[in-house]
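[1] here's a sequence, model it:
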Amino acid sequence: MIAYFSMEIALDPGMPTYAGGLGVLAGDTIRAAADLKIPMVAVTLLPRKGYFFQRLDALGNQREEPVEWAIDDFLTELPQRAHVVIEGRPVFLRPWRYSVRGVTGFEVPVYFLDAHLLENAEQDRGLTDYLYGGDARYRLAQEILLGIGGVRMLRALGYSELARYHMNEGHASLLTLELLDERLRKTGRTQISLDDLEAVRQQCVFTTHTPVPAGHDKFPLALVEQLLGPRPELRHFRDVFCCGGLVNMTYLALNLSCYINGVARKHSEVSRLMFAGYTIDAITNGVHAATWACQSMQQLFDRYLPGWRQDNFSLRYAGSLPLGELWQAHQQAKRELLALVNRQTNMGLDNDVLTLGFARRATAYKRADLLLTDLERLRHIAQNVGPFQVIYSGKAHPQDHEGKEIIRRVIQAGRALWPVVKVAYLENYDLQLARSLVSGVDVWLNTPQPPLEASGTSGMKAAINGVPSLSILDGWWIEGHIEGITGWAIETDLSSESSDRYRDAQALYHKLEQVVIPMFYHHRERFQTVMRHAIALNGSFFNTHRMLHEYAVKAYFR
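    Alright, predicted model coming up:
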């Protein structure tokens, strides 16, 4: 059996147990494991107050609020208990269970760890409240609960024999310490040996998700020992546990995993440069097709591609879908999305107008505002080539001030473009809104600063729904892009070491002006053919069924 550890897991729109793509991927991975009957158990934390509920004022300023949700409406509390010692105090954990049921009825249990217990000291009860909240001490305490507490909880729940421990990003890396401690307890020894390190290494699998340095957690050794107490191995095997004098969760996972992968081919190349000397394979991310296909598209697939839920590879036969029926299914999703947007924003978006979608975490390297670099050029394109409208959504991390400024710029640029180009920004981006967006827009826009996009899965979700991408060639799109067939590339200078914002914006405008808008309005059948190819070529491959097959062969059961 595989134990899958992730700091965040997105399972239900009503459960604020995720912040973004990492959690959504985790949820899709677990759903695919249930579909494919892969024996798996998942462990995460229970964020009682969520990541945050986003509100935007008229100027685009983001305000964060705790999320109120009824935990017992979604999860089942279990009686088992486990504990870890933090700063000399026992911190008890209780598990809440959620069962993910696959297409054949096979279930994968997900256990949410909760520290909100009366037996805990008051300052410890809130350690699982906020996802990615607080200072370095709070974050480290959470990672202790996830990694060390997670292994102990699995034992309390009866999971004594597990084949692999899959760390989805470095947050759970401290589980390796608990596995080492278990070996010592079994043998009665007090000192860890090289053989112990190798034995634990053979049990662990690590997926790294970000080429951005800020995405790799690291803590001063003194802080780690303040919370965990003396750990002689941290100093004795300093090269294993520390990097640059810090306990680096990514390096810890790299050093104690028998299999390491990035989440796209390009990302693995970048990771091998970042972490020289490590063998880092590539398993490109995917999305759970049955979760992300909208209702009208599911009905279309059911008519022409029976069995696609059990076998996502059968989506390759979407090349035979009647274009008229494909367009009707898309138009139904578009009407539903625009009705939602108009209710929320009073923007008056038009069903007959080309609609671009951009919904990502608001942070600098994702460059949500690249499209809005030259407002006069956008007005010219809309007035002389063809009208278009844009729907944005996305949260900025509470401490990401640059990300918050990007949201303000997008909203203020939208006001300046009105009414020639209508720009809507939907607040509180979540699973439910994402499902509407990826199926209801006509073209999915993605403009990261290469090579900082690890993979990106939003464009994959769009492809499942026949929505082609217009994207910078980075992350998954390097693999999924066939020009004019599955979508279009924003052609940047890939030989340059840096990405020039103005140059990239001009390339985006050129592709809109010369290719995408004319095709949408004047060569509709060609546009519909691109939609069909997006499903047949990208939807059939960039899914978590294919992804889990790769993990099973390369990492889980080798």
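[2] give the helix, strand or coil label for residue 444.
    Following DSSP: H, G, I helix; E, B strand; the rest coil, the label given to residue 444 is strand.
[3] how near is it to residue 72?
    Note on residue 444: its distance to residue 72, by Cβ to Cβ, to the nearest Å, is 37 Å. The way it works is simple: take the backbone N, C-alpha and C, and place the C-beta from them, glycine included.
[4] neighbour count: the two, which is higher?
    residue 444 (25 against 8; other Cβ atoms under 10 Å).
[5] give me the contacts around the lowest-mean-pLDDT helix or strand in the chain.
    Scoring the helices and strands of the chain by mean pLDDT, DSSP states H and E places strand 242-243 at the bottom, with a mean of 82. Defining contact as Cβ atoms under 8 Å, 6 or more residues apart in numbering, one finds that strand 242-243 is touched by 218, 221, 234, 248, 251.
[6] partners of it, with directions?
    Within its sheet, strand 242-243 is paired with strand 246-248 (antiparallel), according to DSSP bridges.
[7] avg pLDDT for the next helix or strand after the partner strand?
    Going down the chain from strand 246-248, the next helix or strand is helix 249-255, by DSSP states H and E. Across helix 249-255, pLDDT averages out at 95.
[8] and helix 249-255, what other elements does it pack with?
    Secondary-structure packing of helix 249-255 (3 or more Cβ pairs under 8 Å, 6 or more residues apart in numbering; DSSP states H and E): strand 204-207, strand 218-220, helix 238-241.
[9] other residues contacting it?
    143, 167, 170-171, 173-174, 176, 201, 204, 206, 208, 216-219, 239-243, 260, 275, 278.
[10] please apply the same query to stretch 506-523.
    For stretch 506-523, contacts defined as Cβ under 8 Å, 6+ apart pick out 354, 370-371, 374, 377-378, 381, 385-386, 388, 442-443, 447, 470, 484, 488-492, 526-527, 530.
[11] pLDDT below threshold where in the stretch 151-300 of the chain?
    By pLDDT under 70, the low-scoring segments of the stretch 151-300 of the chain are 213-215.
[12] who are the packing partners of the helix ranked longest in the chain?
    Identified as the longest helix of the chain according to DSSP state H is helix 323-345. Applying 3+ Cβ pairs under 8 Å, 6+ apart, one finds that helix 323-345 makes contact with helix 295-304, strand 354-359, strand 422-426, helix 431-440, helix 524-533.
[13] what angle separates the last one from strand 354-359?
    This points to helix 524-533. 30 degrees (axes from the mean of the first three to the mean of the last three Cα atoms, to 10 degrees).
[14] now the next helix or strand after helix 524-533: buried residues?
    Downstream of helix 524-533, the first helix or strand assigned by DSSP H and E is helix 544-551. For helix 544-551, the neighbour count (16 or more other Cβ atoms under 10 Å) marks 544, 545, 546, 547, 548, 549, 550, 551 as buried.
[15] quick check: residue 207 vs residue 253, distance?
    9 Å.
[16] one more: residue 345?
    According to Cβ to Cβ, residue 345 and residue 253 sit 42 Å apart.
[17] same check, this time on residue 514
    45 Å.
[18] got it, and residue 375?
    To residue 253, residue 375 is 44 Å away according to Cβ to Cβ.
[19] and those two? which has more neighbours close in?
    Neighbours per residue, other Cβ under 10 Å: of residue 375 and residue 253, the larger number sits with residue 253, 26 against 15.
[20] below-threshold pLDDT in the protein: ranges please.
    Across the chain (using pLDDT under 70), the flagged ranges come out as 213-215, 493-499.
[21] is residue 4 in a helix, a strand, or coil?
    Strictly by three-state DSSP, residue 4 counts as strand.
[22] tell me how many other residues crowd it.
    With other Cβ under 10 Å as criterion, residue 4 counts 27.
[23] correct me, but it touches residue 169?
    No: the criterion here is Cβ atoms under 8 Å, and residue 4 misses it with residue 169 at 11.6 Å.
[24] that older thread, buried members of the contacts of helix 249-255 into PyMOL, please.
    A single PyMOL command selects the buried members of the contacts of helix 249-255 (16+ other Cβ under 10 Å):
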select buried, resi 143+167+170+171+173+174+176+201+204+206+208+216+217+218+219+240+241+242+243+260+275
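[25] for residue 292, which non-adjacent residue is closest in space?
    The shortest distance from residue 292 to any non-neighbouring residue, by Cβ to Cβ, 6 or more residues apart in numbering, is to residue 461 (4.3 Å).
[26] give the buried residues for whatever helix or strand residue 54 lives in.
    Residue 54 belongs to strand 53-56 when assigned by DSSP H and E. By 16+ other Cβ under 10 Å, the buried positions in strand 53-56 come out as 53, 54, 56.
[27] now flag whichever of those is closest to residue 25.
    Distance to residue 25, by Cβ to Cβ, is smallest for residue 54 among these, at 20.7 Å.
[28] report the beta-bridge partners for the closest one.
    Applying DSSP bridges, one finds that residue 54 bridges with residue 64.
[29] check contacts around it.
    Neighbouring residues of residue 54 by Cβ under 8 Å, 6+ apart: 62, 63, 64, 65, 395, 427, 428, 429.
[30] neighbour-wise, which one of the residues you listed leads?
    Using other Cβ under 10 Å as the neighbour criterion, residue 395 leads the contacts of residue 54 with 26 neighbours.
[31] and the contacts of stretch 155-167?
    1-5, 41, 78, 80-82, 95, 111, 151, 154, 173, 175, 179, 203-207, 253, 257, 551, 555-557.
[32] just the helices in the stretch 101-250 of the chain please.
    122-125, 136-144, 150-156, 175-187, 194-201, 221-228, 232-236, 238-241, 249-255 (DSSP state H, counting those that start in this stretch).
[33] nearest to residue 433, out of those helices?
    Closest to residue 433 of the helices of the stretch 101-250 of the chain, according to Cβ to Cβ: helix 136-144, at 26.5 Å.
[34] chain center to stretch 551-558: distance?
    For stretch 551-558, the separation from the chain centroid amounts to 22 Å (computed by Cα atoms, centre = their mean, to the nearest Å).
[35] CA atoms of stretch 529-536 as CSV?
    Output of stretch 529-536 as CSV, limited to C-alpha atoms (Å, rounded to 0.1, in the frame of the first residue of the first chain):
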residue,chain,number,x,y,z
THR,A,529,-11.3,21.3,-35.1
VAL,A,530,-8.7,22.7,-32.7
MET,A,531,-11.2,22.2,-29.9
ARG,A,532,-11.6,18.6,-30.9
HIS,A,533,-7.9,18.0,-31.1
ALA,A,534,-7.5,19.5,-27.6
ILE,A,535,-9.6,16.7,-26.2
ALA,A,536,-8.2,13.9,-28.4
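[36] number the residues from 489 up from this point.
    Okay, residue one is now 489; in that scheme the one you just asked about reads as stretch 1017-1024.
[37] from residue 888, how far off is the residue sitting nearest the centre point of the chain?
    The centroid of the chain falls nearest to residue 509 when counting by Cα atoms, centre = their mean (1.6 Å). Distance of residue 509 to residue 888, given as Cβ to Cβ: 15 Å.
[38] now do residue 792
    44 Å.
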